[in-house]
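S.K.: Next input, structure requested:
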Amino acid sequence: MKILFWVSMSLVVYAYLGYPLVLWALAKFRGRDVLKREISPPVSIIIAARNEADKIRHKIEHTLALAYPKGQLEVVVASDASDDGTDDIVKEYASRAVRLVRASQRRGKEYAQGLAMAMAKGDVVVFTDAATILEPDALRRLMKNFSDPTIGAVSTEDVLVDALGNPTAEGLYVKYEMWVRRLESRFHSLVGLSGSCFAIRKELCSAWSPTLASDFMGALHAARRGYRSIADPSVRGKFVALTSAQAEMRRKVRTFLRGITVLMANLDLLNPFRYGRFAFQLASHKLLRFVVPFLLLTALTTSGLLGGDPMFYGLFWMQAGFYLLGAAGGVLSPLQRNRMVRVAYYFTMVQWAMLVAWGKYALGHKQVMWEPSKRREIIASDHAPRRS
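M.R.: Here you go, the predicted model:
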């Protein structure tokens with residue numbers, strides 16, 4: 001049991017701290033640069049929408065205002081059978097070359113994206129959602145990366161803000177994830193793209209799945225074809241943080257269930273003899289991260305059973321106290337003003353959401369239907385320039 005405890009805790013520490021440090025060290029000696037230059041390939045922006053009448057106009061206006069050569073950009077809104085007036089708003093922009101693709105029945109985000117991609121004309125496809133706002137020069141910055149022939153997909157960096165566009169204190173976990181993505185990009189490749197906005201070569205979308213998470217599958221498609229996926233920290237996608245703990249929990253469960261489903265359908269990519277660095281990264285970032293809740297339960301149980309030993313008795317109550325602190329933060333949200341409580345709450349919530357997602361996966365549940373998180377619109381004015 002002592003061995004089991006230390007192995008479990010060591011793997012948890014490696015998943016969250018050891019892996020980034022290993023990436024940092026490896027990137028110092030075996031890092032891979034991205035060869036960037038100004039290019040303007042034909043681009044198709046696909047905006048996924050499901051009942052986004054309150055945001056879609058703002059999103060379209062910002063998209064049309066992105067700085068990019070005239071005639072090289074098309075905008076397609078992929079509506080997942082929206083029934084709140086979203087489609088009517090999109091049709092108002094037909095004269096400005098904004099096209100609507102509508103799924104006749106609600107079949108999920110990836111299905112609607114696939115319909116739009118089938119008619120997209122661009123060499124590069126940018127997938128985004130109605131809640132994400134890009135900076136005016138985002139497209140130009142994204143496209144520079146595709147001048148490197150080894151790059152298959154590029155992810156923006158997520159920035160959590162309030163409704164006025166100001167950074168929030170809730171983004172600690174997101175900042176950590178963005179740090180890991182930067183390290184992965186320097187070493188070799190991302191193992192997952194940002195669901196809020198990413199760009200990918202259209203040729204890599206030929207095996208599009210109408211049911212599996214496109215942001216995760218995009219990086220896997222690129223790896224199978226010998227391409228890298230990277231994060232560009234100079235391109236940020238802003239969206240409003242959820243204020244409801246229950247909404248955030250539901251979103252996490254959906255996200256983890258989709259991720260687990262994709263990983264289990266692509267376990268062959270864990271073969272290091274065929275996929276090398278990518279297999280190492282996929283195992284360290286995704287596989288190990290998904291099993292962390294079970295490792296934590298193992299560590300808690302074994303230390304409890306070894307409670308006769310003063311050291312393990314203390315370790316048991318340190319773990320239990322941390323989880324109780326997190327639970328208290330969830331029940332009494334004002335306690336989250338304390339940084340330690342906030343960290344304990346979010347970490348505990350993430351692990352619980354992952355356990356729930358595993359339970360759903362074991363019962364055969366699939367997260368195909370898409371219900372976008374009801375985020376508030378960013379109302380601050382960005383004064384974005386019109387396209388050149």
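S.K.: So for stretch 142-154, first residue to last residue, what's the gap.
M.R.: By C-alpha to C-alpha, to the nearest Å, the extent of stretch 142-154 from end to end equals 7 Å.
S.K.: and it, how far out from the chain's middle?
M.R.: Once both centres are worked out by C-alpha atoms, centre = their mean, to the nearest Å, stretch 142-154 turns out to sit 19 Å from its chain's centre.
S.K.: Equivalent analysis for stretch 222-232, please.
M.R.: Using C-alpha atoms, centre = their mean, the offset of stretch 222-232 from its chain centre is 15 Å.
S.K.: Touching it from outside, list them.
M.R.: Contact with stretch 222-232 is made by 32, 34, 141-142, 145, 150-157, 178, 181-182, 184-185, 188-191, 193-194, 200-201, 204, 218-219, 269, 275, 278, as judged by C-beta atoms under 8 Å, 6 or more residues apart in numbering. Yep, even glycine has a C-beta here, placed from its N, CA and C like the rest.
S.K.: Now do the end-to-end distance for that stretch.
M.R.: Across stretch 222-232, the terminal residues are separated by 16 Å (C-alpha to C-alpha).
S.K.: contact partners of the lengthiest helix in the chain?
M.R.: If you go by DSSP state H, the chain has its longest helix at helix 339-362. With contacts defined as C-beta under 8 Å, 6+ apart, helix 339-362 is touched by 169, 172-173, 245, 248-249, 252-253, 256-257, 259-261, 264, 290, 292-293, 296, 322-323, 325-330, 335-336, 367.
S.K.: Give the burial count for Lys202, as a bare number.
M.R.: 17 (other C-beta atoms under 10 Å).
S.K.: Hmm, it is touching Val126, no?
M.R.: No: in this structure Lys202 lies outside contact range of Val126 using C-beta atoms under 8 Å: 10.5 Å.
S.K.: In three-state terms, label the residue nearest to Val98 when sequence neighbours are not counted for me.
M.R.: Using C-beta to C-beta, 6 or more residues apart in numbering and skipping the chain neighbours, the partner closest in space to Val98 is Val75 (4.7 Å). Following DSSP: H, G, I helix; E, B strand; the rest coil, the label given to Val75 is strand.
S.K.: give the contact list for Val75.
M.R.: Neighbour list for Val75: 44-45, 47, 60, 63-64, 93, 97-99 [criterion: C-beta under 8 Å, 6+ apart].
S.K.: quick one: it and Asp123, what's the gap?
M.R.: According to C-beta to C-beta, to the nearest Å, Val75 and Asp123 sit 16 Å apart.
S.K.: what does the domain assignment say about this structure?
M.R.: Annotated domains of the chain cover 1-31+245-376, 42-241 [automatic domain parsing].
S.K.: Kindly reformat these as TSV and extend each row with mean pLDDT.
M.R.: Output for these, formatted as TSV (pLDDT from 0 to 100):
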stretch	mean pLDDT
domain 1-31+245-376	91
domain 42-241	90
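S.K.: highest average neighbour count across those?
M.R.: When you average the neighbours per residue for each of the domains of the chain (mean count of other C-beta atoms under 10 Å), domain 42-241 leads with a mean of 20.
S.K.: now that domain, how far from the centre of its chain.
M.R.: Centroid separation for domain 42-241 versus its chain: 11 Å, with C-alpha atoms, centre = their mean.
S.K.: Helix or strand for the closest residue to His188 other than its chain neighbours, just tell me which one.
M.R.: Excluding the flanking residues, the one nearest His188 by C-beta to C-beta, 6+ apart is Arg277, at 4.1 Å. Assigned by DSSP states H and E, Arg277 falls within helix 272-282.
S.K.: Also Gly152?
M.R.: Since the elements are taken from DSSP H and E, Gly152 ends up inside strand 151-161.
S.K.: for the helix or strand that comes right after that strand, packing partners?
M.R.: Per DSSP H and E, the first helix or strand lying C-terminal to strand 151-161 is helix 172-187. For helix 172-187, the packing partners by 3 or more C-beta pairs under 8 Å, 6 or more residues apart in numbering; DSSP states H and E come out as helix 19-30, strand 151-161, strand 228-240, helix 272-282, helix 339-362.
S.K.: With distance to Leu212 as new columns, can those be given to me in CSV?
M.R.: Shown next, in CSV, are those (distance: least, C-beta to C-beta, whole Å):
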stretch, distance to Leu212
helix 19-30, 24
strand 151-161, 15
strand 228-240, 16
helix 272-282, 15
helix 339-362, 13
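S.K.: returning to that earlier point: spatially, which two of the contacts of Val75 are the most separated?
M.R.: Ser44 and Tyr93 (15.3 Å; C-beta to C-beta).
S.K.: all strands of the chain, in order?
M.R.: Applying DSSP state E to the chain gives strands spanning 43-49, 73-79, 98-102, 124-129, 133-134, 151-161, 197-201, 228-240.
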